[in-house]
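Sharing a sequence plus its predicted fold:
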Amino acid sequence: MALSIASFVCGLVFGLGLLISGMTEPAKVLGFLDIFGAWDATLAFVMAGAVAVSSVGFILARRRSAPLLASSFAWPTRRDIDAPLVVGSALFGVGWGLCGICPGPALVDLAGLSAPIIVFVAAMVLGMFGYELWQRNITGEAATSTPAGAAAATPSDG
Amino acid sequence: MHDFTPLSGLIGGALIGLSAAILMVLSGRLAGVSGILGGALTSSSDRAWRIAFIAGLIVAAIVAPLFGAPQPARLASSNLGLFAVAGLLVGFGSRMGNGCTSGHGVCGFARLSSRSITATLVFMGVAVATVAIVHHGFGG
């Protein structure tokens, strides 16, 4: 329960950060990506602020043997740069560039209840399920899969 | 219309970083939104904290006025097909690439992860190229 309350508060602070930074406005994100147009560098400042604060927090976290409310840290462990990382990021980049929306802002903007955002989030969820299905098929685990075990074995980068 | 706003960008960014820092110190989890959402959808365990984080993101938009924060975006209903295609690509691609702007772009850079820095350079570069082609017709 304490873990869920902490996560909720973190989600709330994260969402407020996205709203205050302007990153929940797709037009502002597209303004950053449009380097051949009227370029808006704001997104770089958002990332700089976020990286500066989180890196200090992560340094403090690494000094501890365990987090305060859970038994262990789930730091990503992979170091290899493989094809799925690059191809997946490229596909993500096309989708991000088409509308200027990525997962965090999409979920915050869901509260605005406008049709394009609802369509985007529904499609994003479908895309995530689609990847899961595809992944199970190519690894041949469709019949007796244990997704929780598989997920635990390869911690996500994010 | 949309001007350069470095100060609110830095403040909002600092809040995002603070959230990621607190989530790690308290729960040991990484604040990557695609990973959190993907896990909430497809993982059979460890879901409660993920759902709570997503609820926090949505509630943030509802309580935004109390904190003097802007309202969430409300977009005009045109080109819904484009949003569907973009959503599919963002969902599929972020899972395949194991992260998005928050997990790779923020947390990954903060951890100096070579995987995340590579992923961020790839999706930023491809997104810039996509906008250039769609809005300026380069190569199209």
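Nice, thanks for sending it over.

residue contacts, B:Gln71?
A:19, A:112, B:61, B:64-65 (CB atoms under 8 Å, 6 or more residues apart in numbering or on different chains). All C-beta spots, glycine's among them, are computed from the backbone N, C-alpha and C.

now do A:Trp39
A:31-32.

Mind doing that once more with 6 Å?
Contact analysis of A:Trp39 by CB atoms under 6 Å, 6 or more residues apart in numbering or on different chains lists nothing.

Can you tell me the element it falls in?
Using DSSP states H and E, no element contains A:Trp39; it sits outside every helix and strand.

For it, grab phi and psi.
When read as degrees, to the nearest 10, the backbone of A:Trp39 gives phi -60, psi 130.

circling back: could you pick out the buried ones from the contacts of B:Gln71?
Burial by neighbour count, 16 or more other CB atoms under 10 Å in any protein chain shown: within the contacts of B:Gln71 this picks out A:19, A:112, B:61, B:64.

just curious, which of the residues you listed is nearest to B:Gly125?
A:Leu19 (27.0 Å; CB to CB).

Give me the secondary structure label for the closest residue to that closest one other than its chain neighbours.
What sits nearest to A:Leu19 in space, not counting adjacent residues and going by CB to CB, 6 or more residues apart in numbering or on different chains, is B:Ala69, at 4.2 Å. Under DSSP: H, G, I helix; E, B strand; the rest coil, the three-state class of B:Ala69 is coil.

any idea how far B:Ala69 lies from B:Ile54?
B:Ala69 is 18 Å from B:Ile54, where distance means CB to CB, to the nearest Å.

Tell me how many other residues surround the residue lying closest to B:His136 once chain neighbours are set aside.
Residue nearest to B:His136 in three dimensions, not counting chain neighbours: A:Phe36, with 5.4 Å by CB to CB, 6+ apart. A count of nearby residues for A:Phe36, using other CB atoms under 10 Å in any protein chain shown, gives 12.

circling back: so what pLDDT did the residue nearest to A:Leu19 get?
pLDDT, B:Ala69: 96.

Now for it: which residues touch it?
B:Ala69 sits next to A:16, A:19-20 when contact means CB under 6 Å, 6+ apart.

likewise A:Ala2?
A:Leu69.

now, which of the buried ones among the contacts of B:Gln71 lie within helices?
Per DSSP state H, helices hold the following members of the buried ones among the contacts of B:Gln71: A:19, B:61.

Three-state assignment for the residue of chain B found nearest chain A, please.
Per CB to the nearest CB, B:Gly103 is where chain B lies closest to chain A, at 1.0 Å. Taking three-state DSSP as the rule, one finds B:Gly103 in the helix state.
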